[in-house]
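Student: My questions concern the predicted model and sequence given below.
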Amino acid sequence: MILDETQARRLIERTLALATADEVRVNLTGGRTRNTRFAVNTITTCGDCDELSVAVTAYFGCRHAAASVGEADDAALRRVVQTAQELARVAPEDPEYVPELGPQEFLPVRPFFESTATAPADLGAEVARSAIEPAAQRGITVAGYLEFAHNFHAVGNNKGLFGYYQSTDTRYSVTARTPDGCGSGWASETSRDISELDFAAAAQRAIEKADASRSPKTLPPGVYPVILEPAAVDGFLAYALWNMNARYADEGRSFYARKGGGNKIGEKIVGDNVTMSSDPARPEILAPPFAADGLPAKPRVWVERGILKALVYDRYWAAKQGKEPTGWPPNLIFEGGDQTLDELIRSTDKALLVTRFWYIRSLDPQTILVTGLTRDGVFWVEDGAIRHAVKNFRFNETPIAVLNKITGMTRPTRIGNALLPALRASEFTFSSLSDAV
Amino acid sequence: MKDLADVALNAARMGGASYADIRISRHHDQTIHTRENRVERVSDTESFGFGVRVLLGGAWGFAASHLVTRDAIAATTQRALAMARANQVALRRPVVLAPTDAYIDSWHSPVAKDPFAVPISEKAELLLAVNAAALKVPGAKYVTSFMLFRNEHKFFASTEGSVIEQDITRSWPCFTVTAIDTAKGEFQTRTAEVLPMGMGYELVERAGLLELAPRIAEEAVQKLAAKSVEPGRRDLILHPTNLWLTIHESVGHPTELDRVLGQEANFAGTSFLTPNHLGRLMYGSPIVSFRADKTLPFGMATCGYDDDGVKTEEWYLVKDGLFVDYQTTREQVLWPEYQEARRAAGLPEVVHSHGAAYADSWASIPFQRNVNIHLEPGKEPLSLDELIASTDDGIYIIGDSSYSIDHQRYNFQFSGQVFYEIKGGKLGAMLRDVAYQSNTVDFWRSCDAICDERFWTLGGTYYCGKGQPEQISPCSHGAAPARFRSVNVLNTKREV
């Protein structure tokens, strides 16, 4: 259910009017999401879901609790307010209580596109057909997923805070497999603006990659130079970002902790050619203008030419440390180079080209050592060209080490919530072979 | 409820659907998170709505809404029918459902103490007391703890005449202690091996969190000074608190028939366990049998009926080492690949679903999810002490940690919470930086001893992820301590 700004404001006011707590915040989210799934060259499942959530956070002094319901009638509103207040009254006092925010100024960001909000419900079936028909003609099987959503988000409290925005998003991915089970390729397209996406072209890329990845050769596990496509970079970087909590660093329990106390802000942690930032207003990757607590999203540099410039501070830890609260990065922008992937490959002597990784999990948070596997296309590049497909590997590697060994980057492209380049690195540790295709 | 359900079912019939069902459900979660002397979050989340699934011309249509009114149900059913009609353009394999009986029944979890009725203050006090007990241990610096309670109240009705109401409760309390050596810049964490179950607050009471806290904290501190493991081939004795996750990843997911036949290829992946292996592949050594079920009391996936309306049951996936069956739903059972492989292997005909359909919300479409899957205990009397005493050079691993497996379920790598050297039949020093890596069939074939039923316990998770849009599902995996010969052990220490 989409509520416009006036309707959302009224619902927040109705909810606040029912509350007696010292401080009360109401978060509203809702919208409609449509999805279509296909596999083995046939449509499989689909969904058309209309949702709403009313969440109330209540404070009595420094005791607080939250409750939410999925309805907005009077009885539900009374119930959610009552539940939040009852829980808050008996919750222990919070020594780290932070008052609710007052009115805030937000960047005029609108991560919304009419094209996505008005896309027809039957689009999914047509997109599935645009992958299935060319695949079937070449004797390839495809599986894929399209999801497009139109949502609204509103926050308001009894201290004058109010924020509202609508958002849209589209995510499409497709996997192509050869019928002999010896080749697999994958491609994805994501945008807030559905009209930007070329679904048929994505399917074509996956089909070509599946064809090219047949009959992979076995290379022994070991240390190799690599080119990681943007989707591989996305998965591999994730743990380095998730661990950027300033408090955990200050407490000595993360890679970002400095030996002897404090954190590594100001220290060189990765190579000179690494700069990462966030900007909710960056046109290619628009992000929400505020977080759930109403904290405004702002442009921020996290790593500049290899030096750690900032960590993620929540409002409590920021106040305690005399820092500005950052909230969680609304998006991630990794400044790349100016080459295309083809140009990067042409300028490469030897490297393993990795389409994407799978099942990445932490092994040691102290070094951000993670494990995972390659998937849907690994290729040997030599003398500027792809020479042959390579069997999948498991890796045990840390993004910190790899970000210190980057020798080339492409222009960044949107992958999920990030703008990421393909990266070429001189060393990457693959620890064992996988028979998976 | 029945009146509301009939609005959807009648509209679906009028719209030409050959089958339809509706789930009207309320999902209630309560969580408390603490750290040290502080309750960080108390939250109570409720979600109520319905989902209508229609089968029209062999294509599914599914639509859902949070507005549970006659008008919204009628309109939402029309949206489901419209999607099913639109899907005809890309339908190459019409859905055919295996038969099931119609049931008019109800079922509820065997809950002794409703966790939502226990005052929040009592829960918070217990967690803060656990934290305080852990922090008394010198060197234990930080503690986080939580309780998570979840209730699903589901009403299911289908055009085949089933009307089923279920009330399912699950609970999970746990805590993690962190020890830090600031001078060396090192830290270690130790999470208590308290795992979720299909129980009420009695799980919290019997978990003995307060009693566990000092030992878990001491082990966190010991991990800082533990010996870094020598990599190489070692015999492993895996405690059920570690083995449950290995079973989940290397037996649960490969035996999902939807993965095997390519339905998950774009996300969770496929499976090495193609139908030609049915009745032919020795999945493990002859002492290895895996039983699947959704009926075991206190199992996380346990319920009376799955989300296809199929009465739950138990069956073998692997019997005496031989792979004999998959996990299935109504949509999958009549697939010719499955039926022909069973016939070719001389296995008995199975034309009913094993009942593995699950949807994590009213807004989610049901599909095939892991059920409870258990490694059967050893048939001969064998204690954990005896198992250790008969091991010359090995590592004993307790608790789960890092886990990763490829998208066809061959190559896996797992870690654990604590590790002990075994030398000459005796438990020795604590080790650290341990992970074990193997291939599924090699690993299960290397199992040469399983403790008996006295040592069999249940592990499990709330958070098995699969599907697009991704859904989470709960399931349990029981095991007794077991030994695996000559497994590849890695050292995970790395300098950066």
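Tutor: Great, that's in hand.

Student: Now name the helix or strand holding the residue in the stretch 201-350 of chain A that chain B sits nearest to.
Tutor: Residue of the stretch 201-350 of chain A nearest chain B, by Cβ to the nearest Cβ: residue A:259 (3.4 Å). In this view, the C-beta of every residue, glycine as well, is placed from N, C-alpha and C. Taking DSSP states H and E as the definition, one finds residue A:259 inside no helix or strand.

Student: can you count the residues close to it?
Tutor: Around residue A:259 there are 13 other residues, counting by other Cβ atoms under 10 Å in any protein chain shown.

Student: Then residue B:341?
Tutor: 20.

Student: ok so it is a strand residue?
Tutor: No. Per DSSP: H, G, I helix; E, B strand; the rest coil, residue B:341 lies outside any strand segment and is helix.

Student: so what's the residue lying closest to it once chain neighbours are set aside up against?
Tutor: Among residues not flanking residue B:341 along the chain, residue B:275 sits closest, at 3.4 Å (Cβ to Cβ, 6 or more residues apart in numbering or on different chains). Applying Cβ atoms under 8 Å, 6 or more residues apart in numbering or on different chains, we find residue B:275 in contact with B:260, B:261, B:337, B:338, B:340, B:341.

Student: Name the nearest of the residues you listed relative to chain A.
Tutor: Among the contacts of residue B:275, residue B:261 lies closest to chain A (Cβ to the nearest Cβ), at 6.8 Å.

Student: can you tell me which two in the contacts of residue B:275 are farthest apart?
Tutor: B:260 and B:340 (13.4 Å; Cβ to Cβ).

Student: In terms of neighbours, single out the busier of these two.
Tutor: residue B:260 (26 against 13).

Student: Quick check on the more buried one: phi, psi?
Tutor: phi -60, psi -40 (degrees, to the nearest 10).

Student: Not counting residues beside it along the chain, what's closest to it?
Tutor: Of all residues not flanking residue B:260 in the chain, residue B:271 sits nearest, at 4.5 Å (Cβ to Cβ, 6+ apart).

Student: Apart from its neighbours in sequence, what residue is nearest residue B:343?
Tutor: Spatial nearest neighbour of residue B:343, chain neighbours left out: residue B:349 (7.6 Å); criterion: Cβ to Cβ, 6+ apart.

Student: so how far is residue B:317 from that neighbour?
Tutor: Distance, residue B:349 to residue B:317, using Cβ to Cβ, to the nearest Å: 17 Å.

Student: so what's the backbone phi/psi at residue B:117?
Tutor: Given degrees, to the nearest 10, the pair of backbone angles that residue B:117 has is phi -90, psi -10.

Student: Now for it: which residues touch it?
Tutor: Contacts of residue B:117 (Cβ under 8 Å, 6+ apart): residue B:201.

Student: swap the cut-off to 6 Å and go again
Tutor: If you count contacts by Cβ atoms under 6 Å, 6 or more residues apart in numbering or on different chains, residue B:117 has none.

Student: Could you do residue A:354 as well?
Tutor: Residue A:354 neighbours (Cβ under 6 Å, 6+ apart): A:226, A:228, A:232, A:374, A:378.

Student: and with 7 Å instead?
Tutor: Applying Cβ atoms under 7 Å, 6 or more residues apart in numbering or on different chains to residue A:354 gives the contacts A:226, A:228, A:229, A:232, A:374, A:378.

Student: Can you classify the first one by secondary structure?
Tutor: Okay, so that is residue A:226. strand.

Student: Can you tell me the number of residues neighbouring residue 4?
Tutor: If you meant another chain, say so; for now it's chain A. 12.

Student: um, chain B though
Tutor: 17.

Student: cool, residue B:215 as well?
Tutor: Neighbours of residue B:215 (other Cβ under 10 Å): 14.

Student: Could you check how far it is from residue B:418?
Tutor: Distance, residue B:215 to residue B:418, using Cβ to Cβ: 10 Å.

Student: what's the answer for residue A:278, then?
Tutor: If you measure residue A:278 against residue B:418 using Cβ to Cβ, the figure is 38 Å.

Student: same deal with residue B:224?
Tutor: 12 Å.

Student: which of those two has more neighbours?
Tutor: residue B:418 (24 against 15).

Student: what comes up buried for the helix or strand hosting that one?
Tutor: For residue B:418, the host element (DSSP H and E) is strand B:411-423. Residues B:411, B:412, B:413, B:414, B:415, B:416, B:417, B:418, B:419, B:420, B:421, B:422 are the ones in strand B:411-423 that count as buried (16 or more other Cβ atoms under 10 Å in any protein chain shown).

Student: what mean pLDDT would you report for it?
Tutor: Averaged across strand B:411-423, pLDDT comes to 98.

Student: mind listing what that strand pairs with, with the direction of each?
Tutor: When pairing is defined by DSSP bridges, strand B:411-423 lines up against strand B:393-405 (antiparallel), strand B:426-432 (antiparallel), strand B:434-439 (antiparallel).

Student: Next SSE downstream of the shortest one?
Tutor: Spelled out, that is strand B:434-439. For strand B:434-439, the following helix or strand on the C-terminal side (DSSP H and E) is helix B:440-445.

Student: Stretch A:406-420: end-to-end distance?
Tutor: Using Cα to Cα, to the nearest Å, the span of stretch A:406-420 from its first residue to its last is 14 Å.

Student: ok, residues contacting that stretch?
Tutor: A:190-191, A:230-231, A:233-234, A:271, A:273-274, A:284-285, A:331-334, A:336-341, A:344, A:347, A:421-426.

Student: The stretch 251-400 of chain A: helices as residue ranges?
Tutor: Using DSSP state H, counting those that start in this stretch, the helices found in the stretch 251-400 of chain A span residues A:315-321, A:341-346, A:399-403.

Student: got any ranges where the stretch 201-350 of chain A has weak pLDDT?
Tutor: Flagging of the stretch 201-350 of chain A using pLDDT under 70 yields an empty set of residue ranges.

Student: Which parts of it are strands?
Tutor: Per DSSP state E, counting those that start in this stretch, the stretch 201-350 of chain A carries strands over the ranges A:222-228, A:276-278, A:300-304, A:307-308, A:332-334, A:350-364.

Student: hmm, which of the contacts of stretch A:406-420 are the buried ones?
Tutor: Buried, going by 16+ other Cβ under 10 Å: A:190-191, A:230-231, A:233-234, A:271, A:273-274, A:285, A:331-334, A:336-337, A:339, A:341, A:344, A:421-425, out of those.

Student: For the lengthiest helix in chain A, name the packing helices and strands.
Tutor: The helix of greatest length in chain A, counted in residues with DSSP state H as the criterion, is given as helix A:74-90. With contacts taken as 3 or more Cβ pairs under 7 Å, 6 or more residues apart in numbering or on different chains; DSSP states H and E, helix A:74-90 sits against helix A:5-17, strand A:42-60, strand A:63-69, strand B:38-56, helix B:120-135.

Student: Just the CA trace of the helix or strand harbouring residue B:8, in PDB.
Tutor: Element membership of residue B:8, judged by DSSP H and E, is helix B:2-14. Extracted C-alpha coordinates of helix B:2-14, given in PDB (Å, rounded to 0.1, in the frame of the first residue of the first chain):
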ATOM      1  CA  LYS B   2     -13.600 -20.100   6.500                       C
ATOM      2  CA  ASP B   3     -16.000 -17.500   5.100                       C
ATOM      3  CA  LEU B   4     -13.100 -15.300   4.100                       C
ATOM      4  CA  ALA B   5     -11.200 -18.200   2.600                       C
ATOM      5  CA  ASP B   6     -14.200 -19.100   0.500                       C
ATOM      6  CA  VAL B   7     -14.200 -15.700  -1.100                       C
ATOM      7  CA  ALA B   8     -10.800 -16.500  -2.600                       C
ATOM      8  CA  LEU B   9     -11.500 -20.100  -3.400                       C
ATOM      9  CA  ASN B  10     -14.800 -19.400  -5.100                       C
ATOM     10  CA  ALA B  11     -13.300 -16.500  -7.100                       C
ATOM     11  CA  ALA B  12     -10.500 -18.700  -8.200                       C
ATOM     12  CA  ARG B  13     -12.900 -21.400  -9.300                       C
ATOM     13  CA  MET B  14     -15.000 -18.900 -11.200                       C
END
